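In: give me a model of this one.
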Amino acid sequence: MSEANMGINVMFRIFLLCVLVQCCFGDCSFHCEALSCPCQCYRHDLRCFNKSLTTIGKYPTHESFKYLDFAYNKITTLKKHQFRLPYFKEATALQLSANKIQIIEDGAFEGLIHLHSLFLSSNKIQSINAETFRGLKAVKRVYLDNNELKRLHHHTFKHVHKTLKLLYLQENQIHHIDASTFNNFPQLRTLDLSSNHLKTIDGSFINKLPSLAHIFLAQNRWSCDSSALCSTLGHIEELENERNVLLDTMMCSSPEIHVGKDAVDVLKTIDCTDVFVKQSQVKDNGDNSKGNVNWLNALLVTVCLFLSIMFQFVLFLKLQ
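Out: Numbering: from 1, shown residues only. Have a look, this model is predicted:
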């Protein structure tokens, strides 16, 4: 083979190698909204890890990304329809951990109909609205740990409750959970509420989680007086025995007599059946009191109406 042909052959191989590299690992900088974008495209993966991004940006429209990695950036807001773009619609995992996200606009995740895993750990999220997760029809894992959540409302997970299997909420500032927050989660297997500010919860929601296998409640501020402890743990302990639900160690923070004790050990010294009966009686008495008040109000209105009619009748007679 002549030197010229050998040279052409080498150059052709180099050209093929360049094409292969471009197909499998490409620089997306020419497709971003920003003047310079350091993200890289690995066939079906979009890698923007630790690139100082402040927005999601735009990417090659001919691609179909399945893994989106925007972790360790400086993103503060996820805008409405942020991911409703053709090259995101096949995504199965979205990594947004370790940003500075404070605001998630309603419908931000619309379009991600195949997403299975959503990573929002280590941000500054303070609340989740009713429409935050709208459009997520297949999500199985949601990571919201290490944020600034303070309360879980009954509507917080209304768009994802049917498909969720793993929900991580540890290391937030949650101090209240609405009684119906976890109603109708047929597939939920793991729920992590550890390292929050909870003192008591209505543990009866556990009965509405048929697939639950692990629940983590350690490192909270649990009250271990009989009423609070039975409300929190009475139902959970039953399921721990009946369904082998794994429960981690919960330590008492109050009252002073129980501080530092294992809440389950304290529970064993309490007859929760008696506590529930007393709570029911108090509730009934409260309902009866309300009924009595309502009856007295109705009587007072009737008497006032009668006196008013009599006064008008007497006045009519005098004018005659």
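In: L191 should be in a strand, yeah?
Out: Yes - assessed by DSSP: H, G, I helix; E, B strand; the rest coil, L191 belongs to a strand.
In: so who does it touch?
Out: 167, 169, 182, 209, 212, 214-216 (C-beta atoms under 8 Å, 6 or more residues apart in numbering). The way it works is simple: take the backbone N, C-alpha and C, and place the C-beta from them, glycine included.
In: redo that, cut-off 7 Å
Out: By C-beta atoms under 7 Å, 6 or more residues apart in numbering, L191 lies in contact with 167, 212, 215.
In: likewise for F70?
Out: 48, 53, 56, 95-96.
In: among the contacts of L191, which one lies nearest to T132?
Out: Nearest to T132, judged by C-beta to C-beta, of the contacts of L191 is L167 at 13.9 Å.
In: what's the spacing between stretch 211-223 and its chain's center?
Out: Mean-position distance between stretch 211-223 and its chain equals 15 Å (C-alpha atoms, centre = their mean, to the nearest Å).
In: with stretch 191-203 instead?
Out: That offset, for stretch 191-203, works out to 13 Å (C-alpha atoms, centre = their mean).
In: for that stretch, buried residues please.
Out: The neighbour-count check on stretch 191-203 (16 or more other C-beta atoms under 10 Å) flags 191-196, 198-201, 203 as buried.
In: which pLDDT value goes with A34?
Out: Predicted confidence (pLDDT) for A34: 39.
In: ok, the one 3 residues further on next?
Out: Here, the pLDDT recorded for C37 equals 60.
In: where does pLDDT dip in this protein?
Out: Low-confidence segments of the chain, defined by pLDDT under 70: 1-37, 61, 237-243, 275-299, 301-304, 306-320.
In: quick one, domains of it?
Out: Per automatic domain parsing, the domain ranges recorded for the chain read 45-281, 282-313.
In: what's the most buried one of these?
Out: domain 45-281 (a mean of 18; mean count of other C-beta atoms under 10 Å).
In: ok now it, how far from the chain's centre?
Out: Going by C-alpha atoms, centre = their mean, where domain 45-281 is centred and where its chain is centred differ by 4 Å.
In: for the remainder of this discussion, apply numbering that starts at 54.
Out: I'll keep to 54 as the first residue from here, and by that count the last item is domain 98-334.
In: for the closest residue in space to S174 that isn't next to it in sequence, list the residues it contacts.
Out: Closest residue to S174 in three dimensions, ignoring its sequence neighbours and counting by C-beta to C-beta, 6 or more residues apart in numbering: S150, at 4.2 Å. With contact taken as C-beta under 7 Å, 6+ apart, S150 is in contact with 124, 172-175.
In: equivalent analysis for N176, please.
Out: Taking C-beta under 7 Å, 6+ apart, one finds 152-154, 200 in contact with N176.
In: isn't there a helix covering A281?
Out: Yes - under three-state DSSP, A281 sits within a helix.
In: not counting its neighbours along the chain, what's nearest it?
Out: T253 (4.2 Å).
In: C283 too?
Out: That would be C325: by C-beta to C-beta, 6+ apart, it lies 3.9 Å from C283.
In: backbone dihedrals for that neighbour, both of them.
Out: According to degrees, to the nearest 10, the main-chain angles of C325 amount to phi -70, psi -30.
In: from E143, how far off is it?
Out: Distance of C325 to E143, computed by C-beta to C-beta, to the nearest Å: 50 Å.
In: try G313
Out: Distance from G313 to E143, by C-beta to C-beta: 51 Å.
In: likewise G188?
Out: Distance from G188 to E143, by C-beta to C-beta: 14 Å.
In: next one: C92
Out: For C92, the distance to E143 - C-beta to C-beta - is 18 Å.
In: same check, this time on W275
Out: Taking C-beta to C-beta, one finds W275 at 44 Å from E143.
In: go on, N237?
Out: Relative to E143, N237 is positioned 29 Å away (C-beta to C-beta).
In: what's the answer for K111, then?
Out: With C-beta to C-beta as the criterion, K111 and E143 are 16 Å apart.
In: which of the contacts of F123 lies closest to G160?
Out: Ranked by distance to G160 (C-beta to C-beta), the contacts of F123 are led by I109 at 14.4 Å.
In: with that, I have no additional questions.
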